[in-house]
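Enquirer: Show me how the following folds:
(one chain, ligands or ions: 1)
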Amino acid sequence: MVDSAQLATQHWNETPLFLTDDERYSTYPWLYEAAEFRDHAGEKVLEVGCGSGCDLLQFAKHGAVATGVDITDRHLELARQRVGSLAAVVKADMRHLPFPDASFDYVYSHGVLHHCSEAEQAASEMLRVLRPGGRLNIQVYALYSASALVYRLRYGRDWKLHIENSTQPVYLKLYTASQVRRLFPGCRVSFRKYQCYGLRFVAPLLGWFLVATGIKPVQAPQ
Ligand SMILES: C[S@@+](CC[C@H](N)C(=O)[O-])C[C@H]1O[C@@H](n2cnc3c(N)ncnc32)[C@H](O)[C@@H]1O
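Expert: Just a heads-up that it's a prediction; the model follows:
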């Protein structure tokens, strides 16, 4: 079986994803608030799967000590160009993060965990590098969403090939809130959904992005 990280690197090295700030935050108008870019000044922030660095730059611009990791060389290159000296960009696989325990105050990841076939291992790494009492913000595609239904109806069996920025195959699993909660044992996690064809009032129920936020407990679960 092909490794999900290998699929991801092939996909995004061949068809990198690069949006300007304006393109990204007008496509996802809710993201600026949902990512909490303005709320982590002075904190150590880790972005897992930083892609070409658009969100990483926002944390840095708002005063965070920001580090982004990604596994795709082309994305790492674009992220380094974008953030310059404002943030660190490190090549790493999210299943083996190259940081000591409890190194970060805030761990953020948008659109990445659902591309990992060993999500338990990746989530446990995110928790390990987060300090007790630190905050998580993990954003994945929602299984119960209008977009998932529309993709299925529109593209049939191969619908998963039409979600990312090219039809190069990539591993993809859609999540329910309880599946995400199980990945972060002991954390108090709450959920919101966003992005539903501009229908702001429907998005909390049928939105495409499932945003999980939570606090790592100060005492490890028994
Ligand atoms: C859809 S892109 C999202 C990038 C960025 N977060 C954004 O929203 O623009 C998914 C990213 O996850 C990265 N990725 C996938 N599997 C990974 C892994 N095992 N370790 C680290 N990064 C990974 C890919 O290289 C890619 O940059």
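
Enquirer: Run through who's touching the strand or helix carrying Val90.
Expert: Under the criterion of DSSP states H and E, Val90 resides in strand 88-91. Outside strand 88-91, the residues within contact range by C-beta atoms under 8 Å, 6 or more residues apart in numbering are 50, 53, 56, 66-71, 73, 76, 79-80, 83, 98. All C-beta spots, glycine's among them, are computed from the backbone N, C-alpha and C.

Enquirer: Closest one of these to Ser145?
Expert: Proximity of the contacts of strand 88-91 to Ser145 (C-beta to C-beta) peaks at Cys50, which lies at 24.2 Å.

Enquirer: count of residues packed around that closest one?
Expert: Per other C-beta atoms under 10 Å, the neighbour tally for Cys50 reads 30.

Enquirer: And the one 3 residues further on, by the same measure?
Expert: For Gly53, the count of nearby residues is 27 (other C-beta under 10 Å).

Enquirer: before we move on, what about Lys91?
Expert: 12.

Enquirer: and the gap between it and the ligand?
Expert: Distance of Lys91 to the ligand, computed by C-beta to the nearest ligand atom, to the nearest Å: 9 Å.

Enquirer: I'd like the distance between that residue and His75.
Expert: Between Lys91 and His75 the distance is 10 Å, computed by C-beta to C-beta, to the nearest Å.

Enquirer: Could you do Asn137 as well?
Expert: Per C-beta to C-beta, Asn137 is found 20 Å from His75.

Enquirer: more crowded one of those two?
Expert: The neighbour count for Asn137 versus His75, taken as other C-beta under 10 Å, is higher for His75 (25 against 20).

Enquirer: So, low pLDDT: which residues of the chain?
Expert: Residue ranges of the chain with pLDDT under 70: 1, 220-222.

Enquirer: Just want the residue of the chain that's nearest the ligand.
Expert: Nearest to the ligand in the chain, going by C-beta to the nearest ligand atom, is Gly51, at a distance of 2.6 Å.

Enquirer: which residues touch the closest residue to that residue other than its chain neighbours?
Expert: Of all residues not flanking Gly51 in the chain, His75 sits nearest, at 5.1 Å (C-beta to C-beta, 6 or more residues apart in numbering). By C-beta under 8 Å, 6+ apart, the contact set of His75 is 12, 16-17, 50-53.

Enquirer: Make JSON lines out of those residues and add secondary structure.
Expert: Listed next are the contacts of His75 as JSON lines, based on DSSP: H, G, I helix; E, B strand; the rest coil:
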{"residue": "Trp12", "secondary structure": "helix"}
{"residue": "Pro16", "secondary structure": "coil"}
{"residue": "Leu17", "secondary structure": "coil"}
{"residue": "Cys50", "secondary structure": "coil"}
{"residue": "Gly51", "secondary structure": "coil"}
{"residue": "Ser52", "secondary structure": "coil"}
{"residue": "Gly53", "secondary structure": "coil"}
